[in-house]
Each structure stands twice: as C-alpha cells, then as structure tokens.
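*Asks:* Got a predicted structure here, sequence first:
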Amino acid sequence: MKAANLLLFSLVSILAQSSCLAQSDDFAVKSRRAKELMAEGRFVQAVPLYRELNQAVPNNPGLLLNLGMALHMAGDERKSIPQLEAWRSSSATGQGARSRRGTQDGLRPAAGSPRRA
C-alpha cells in the first residue's frame, strides 16, 4: 500500500512539473511572437498576446510596458495610459531608466531640460 501511494505521489509530481514546463514553454512562445509582431509593426495583433502574458504574470513591469506600448502604437491611447501608469508605478528599473534619460516620466522631457535634435 505504501509503495502504491509513493508511486502515485511520484506520478502526480512528475505530471505537475511537466505541466509547469509546458506553461513556461507556452509563455516563451507567446512572448517571442508578441515581440516579433511589434518589430513588424503589427501592434494590433500583439495586444491580445501581451494581455494573455499580463494575465499569466500580473504586475510584471516589462509586460505592462510592452502592453502599454502595443496599445499606444495601435492607436488606443485611452487603454494604453493605465498600462503605462501601472508600469511607471511598479517598475524599479524603469525609475532608473527614466532618470538616466533625463525625463520626468519616461514619456516627455523634464521641465527645463533641453530638447535634443
């Protein structure tokens, strides 16, 4: 009986691990595809993929930024703003990147800073 329970536990553990691997593979495929769509200028098609990725990994700064940019580039300003604001408030690395670029919020030049040609 103990051996059967141990075998059953082992099988369940293996199946759970393979399921996680399949999910991470699926995540990588969707992420790569969304990146390709963005590079091709197919922003509208990238939006649903970034939405799925954001649901799978909530509050990920990189995914929030990517979704916000895809929405913005697709012309959906209204829906892009909450995504970009969420990225701005959640991204510790985004804060450093914004200050290195000399911008106030990552979207426009800081007040009093010279514009670069």
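*Replies:* Received, thanks. Numbers count the residues shown, from 1 in each chain.

*Asks:* how close does Glu52 get to Arg88?
*Replies:* 22 Å (C-beta to C-beta, to the nearest Å). Quick note: C-beta positions are derived from backbone N, CA and C, even for glycine.

*Asks:* likewise Gly62?
*Replies:* The gap separating Gly62 from Arg88 is 13 Å, by C-beta to C-beta.

*Asks:* neighbour-wise, which of the two wins?
*Replies:* Arg88 (18 against 14; other C-beta atoms under 10 Å).

*Asks:* For the more buried one, pull up the helix or strand it's in.
*Replies:* For Arg88, the enclosing helix or strand under DSSP states H and E is helix 77-90.

*Asks:* Averaged pLDDT, that helix. What do you get?
*Replies:* For helix 77-90, mean pLDDT rounds to 92.

*Asks:* Pull out the buried positions in it.
*Replies:* Ser80, Gln83, Leu84, Ala86, Trp87, Arg88 (16 or more other C-beta atoms under 10 Å).

*Asks:* so which two of the residues you listed are the farthest from each other?
*Replies:* The span of the buried residues of helix 77-90, defined through C-beta to C-beta, is set by Ser80 and Arg88 at 12.1 Å.

*Asks:* hey, where'd the helices end up in the chain?
*Replies:* Listed in chain order, the helices of the chain (DSSP state H) span 2-39, 43-56, 61-73, 77-90, 92-101.

*Asks:* if I look at Glu77, how far off is Pro61?
*Replies:* Glu77 is 20 Å from Pro61, by C-beta to C-beta.

*Asks:* Check the gap between Ala86 and Asn54 for me.
*Replies:* Counting by C-beta to C-beta - Ala86 and Asn54 are separated by 9 Å.

*Asks:* Please identify every residue contacting each of these two.
*Replies:* Shared contacts of Ala86 and Asn54 (C-beta atoms under 8 Å, 6 or more residues apart in numbering): Leu64.
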